[in-house]
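**Student:** Pasting a predicted model and its sequence here:
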Amino acid sequence: MYEQFFGLRERPFSLLPDPSFLFFGRRHGMAATMLEYAVESQAGITLVTGEIGMGKTTLVRHLLNRLGEGVAVGLINNTHRSFGELLQWVNLAFGLPYEGREKVTLFHNFQNHLIEQYVLGLRTVLIVDEAQNMDAATLEELRVLSNINADKDQLLQLILVGQPELRATLRRPELEQFVQRIGVDYHLPPFTAEETEAYIAHRLVHAGGREDLFDRFARRFVHHQSGGVPRVINTLCDMALVYAFAEQRPEVTVELVHAVVQDKVANGLFGAGRRPRPPGEDDAGYARQEQAHLLAALHKAQG
């Protein structure tokens, strides 16, 4: 819609995970290095966590693009509370038959598959995205699968990626053995203000635009309102470009970003950095308080 107006090859702030846009700030760069190191060092279990919208799935896709032919990968990315039989999902992830088979058969077939891959000189890695949806019993099943070894070699490596609730589950006493098997562990925190500004510039340049398309105050305000969470940054910046295009403005100013957030607050759909609504407070009162917080943030960004 606005790409041609701003001289962009594509939308710089799409919400779809795209490893080509991956921003290697210190934190995401470290996470990517940890994931690659985990595979190369044959770590038994690897754990990477981060809040919603921190780019974890993009990191997984980056890793998949980096793995060579010597690694066989299975991916489970649709976990949920009614997940069902783990071994069926594991066999499905590696393209093995799974329908209508009993648990012992599923385990036997998967064990044989691991041995076959090992004989071929391949390492087998199972990646579970959104792993916070797994309960303690399912995680313990995963640990048992990772016990399948051949002499000194790890036949199955596990990479678990999820939200911080996963760590809360892993602190349960019955998962102590699981935790002891975690060889690589990293948590992705939100961006700092400097990283947010660099992230915005990086995505603009990657899409063929100017890194200063957002002025300094606009970038600072985006950070304040997003809390440094990449997905929220993308949402705000994408809509700011739409607003700028609608008004035929050549750059995004802090006032335009303020207008985006103001409209989102008024519509009740913007929650990043917002205070909890006190019990009994009506919509109008809550909206007035949010507008006051928003104006204060705007003045701080312009200061």
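**Tutor:** Received, thanks.
**Student:** For residue 167, give me its contacts.
**Tutor:** 47, 49, 187 (C-beta atoms under 8 Å, 6 or more residues apart in numbering). In this view, the C-beta of every residue, glycine as well, is placed from N, C-alpha and C.
**Student:** if I look at it, how far off is residue 94?
**Tutor:** Computed as C-beta to C-beta, to the nearest Å, the residue 167 to residue 94 distance reads 27 Å.
**Student:** just residue 260 next, same as before
**Tutor:** Between residue 260 and residue 94 the computed distance is 44 Å (C-beta to C-beta).
**Student:** One more: residue 27?
**Tutor:** Applying C-beta to C-beta to residue 27 and residue 94 gives a distance of 31 Å.
**Student:** between these two, which one's more packed in?
**Tutor:** Using other C-beta atoms under 10 Å, the more surrounded residue of residue 27 and residue 94 is residue 27, with 21 against 18.
**Student:** Show the contacting residues for that one.
**Tutor:** By C-beta under 8 Å, 6+ apart, the contact list for residue 27 reads 188-189, 191, 195.
**Student:** could you point out which element follows the helix or strand where it lies?
**Tutor:** Under the criterion of DSSP states H and E, residue 27 resides in helix 26-40. Proceeding C-terminally, helix 26-40 gives way to strand 45-50 as the next helix or strand, assigned by DSSP H and E.
**Student:** quick one: residue 52 and residue 163 touch, right?
**Tutor:** Yes: using C-beta atoms under 8 Å, residue 52 is in contact with residue 163, at 6.2 Å.
**Student:** More neighbours: these two, which one.
**Tutor:** residue 163 (18 against 11).
**Student:** Next, count neighbours for the residue lying closest to residue 123 once chain neighbours are set aside.
**Tutor:** Nearest non-adjacent residue to residue 123, counting by C-beta to C-beta, 6 or more residues apart in numbering: residue 71, 5.1 Å away. Residue 71 sits with 17 neighbouring residues when counted by other C-beta under 10 Å.
**Student:** Nothing else from me, thank you.
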